[in-house]
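J.: Sequence plus predicted model, see below.
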Amino acid sequence: MNKSFSFIILCVMMIVLLSSTQKANAATCNPQDLLPCAGFLSSGAPPSKACCGKLKAQQPCFCGYVKNPSLKQYINSPNAKKVASACGVSIPKC
């Protein structure tokens with residue numbers, strides 16, 4: 001087998017592996033995943049572990065949620081900031 005052909009095959013395999021790894025690590029942005037936090041957002045009560053886990057998983061999605069007019073009010077609300085702070089999650093400036 002030609003060395004340059006082997007090198008090209010190796011490069012293609014690396015690209016495929018790296019792209020699949022990035023997809024696996026990317027957060028799936030689904031605002032419905034934050035439903036365990038809904039009661040805490042409206043009441044201001046301390047959040048549950050389930051809520052905090054979902055917030056941490058969805059943190060990379062917050063800027064997208066802020067850009068959505070129907071979700072922006074929830075991300076920017078005072079109670080959302082309290083819940084996020086209690087979970088140790090920061091809301092980024094977007």
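T.: Yep, it's here.
J.: Span of stretch 60-74 from start to end?
T.: 16 Å (Cα to Cα, to the nearest Å).
J.: which residues are contacting that stretch?
T.: 26-27, 29, 31, 41, 75-76, 80, 91-92, 94 (Cβ atoms under 8 Å, 6 or more residues apart in numbering). Just so you know, the C-beta spots here come from the backbone N, C-alpha and C atoms, and that holds for glycine as well.
J.: most surrounded residue in the residues you listed?
T.: Greatest neighbour count in those, by other Cβ atoms under 10 Å, goes to Ile75: 23 neighbours.
J.: can you pull the pLDDT of it?
T.: The model reports Ile75 with a pLDDT of 84.
J.: Now do it against Pro31, distance only.
T.: Distance, Ile75 to Pro31, using Cβ to Cβ, to the nearest Å: 9 Å.
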